[in-house]
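Predicted coordinates and the sequence they were generated for:
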Amino acid sequence: MWLNVHGQGFAIDEGVLGYIERRLRFALGRFGDRIGRVTVLIDVNRPRAEHEKLCRVVVDLLGHGRTVVEDTDSSLNAVVDRAADRVGKAVQRKLDQALVLLGDKA
C-alpha cells in the first residue's frame with residue numbers, strides 16, 4: 001500500500017503522519033495486495049467551518065476503481081479515526097460486490 005498524505009492549512013509533522021499511517025494500516029491492511037495507492041488530505045483551512053477539520057481518504061483499488069471517503073470533526077484524531085473506519089468498510093463492500101459479480105459470471 002502506497003500512502004501519500006497532504007495537509008492543507010498546516011504542515012503534516014511526523015507524529016500526525018505516524019498516527020494516520022497506523023490507523024489506515026489497521027483499517028486497510030487486510031486488503032494488502034488489492035490496494036495500490038492511498039491518498040489522504042487533511043484540510044484545516046476551511047472557510048465555512050472554521051473549527052472543523054476535513055479528512056478525505058482516496059483508495060485506488062487494483063482492478064476495482066477508486067473509493068473516496070470524507071469526514072469532518074473539530075478533533076484531528078477523531079476525524080482520522082472515523083475516516084479510516086469508514087474507508088475500511090467501504091473497501092470491504094466494494095470488494096464483496098466484485099466477488100458477487102464474478103460469481104454471477106461464473
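Yep, that arrived.

The host helix or strand of G36 packs against which elements?
G36 belongs to strand 35-43 when assigned by DSSP states H and E. Applying 3 or more C-beta pairs under 8 Å, 6 or more residues apart in numbering; DSSP states H and E, we find strand 35-43 packed against strand 2-8, helix 14-28, strand 53-61, helix 76-105. In short, each C-beta sits where N, CA and C put it, glycine included.

6 Å instead, please
strand 2-8, strand 53-61 (3 or more C-beta pairs under 6 Å, 6 or more residues apart in numbering; DSSP states H and E).

Output it as PDB, nothing but the C-alphas.
What follows is strand 35-43, C-alpha atoms only, in PDB (Å, rounded to 0.1, in the frame of the first residue of the first chain):
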ATOM      1  CA  ILE A  35      -4.700  -1.700  -2.800                       C
ATOM      2  CA  GLY A  36      -2.500   0.400  -5.000                       C
ATOM      3  CA  ARG A  37      -2.400   3.900  -3.600                       C
ATOM      4  CA  VAL A  38      -4.000   5.600  -0.600                       C
ATOM      5  CA  THR A  39      -4.100   9.400  -0.700                       C
ATOM      6  CA  VAL A  40      -5.100  11.400   2.400                       C
ATOM      7  CA  LEU A  41      -5.900  15.100   2.500                       C
ATOM      8  CA  ILE A  42      -6.200  16.900   5.900                       C
ATOM      9  CA  ASP A  43      -7.700  20.300   5.500                       C
END
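
winner for burial among the helices and strands packed on strand 35-43?
strand 53-61 (a mean of 21; mean count of other C-beta atoms under 10 Å).

Helix or strand next in line after that strand, which one?
Once the chain leaves strand 53-61, the next helix or strand it forms, by DSSP H and E, is strand 65-73.

That concludes my questions; thank you for your assistance.
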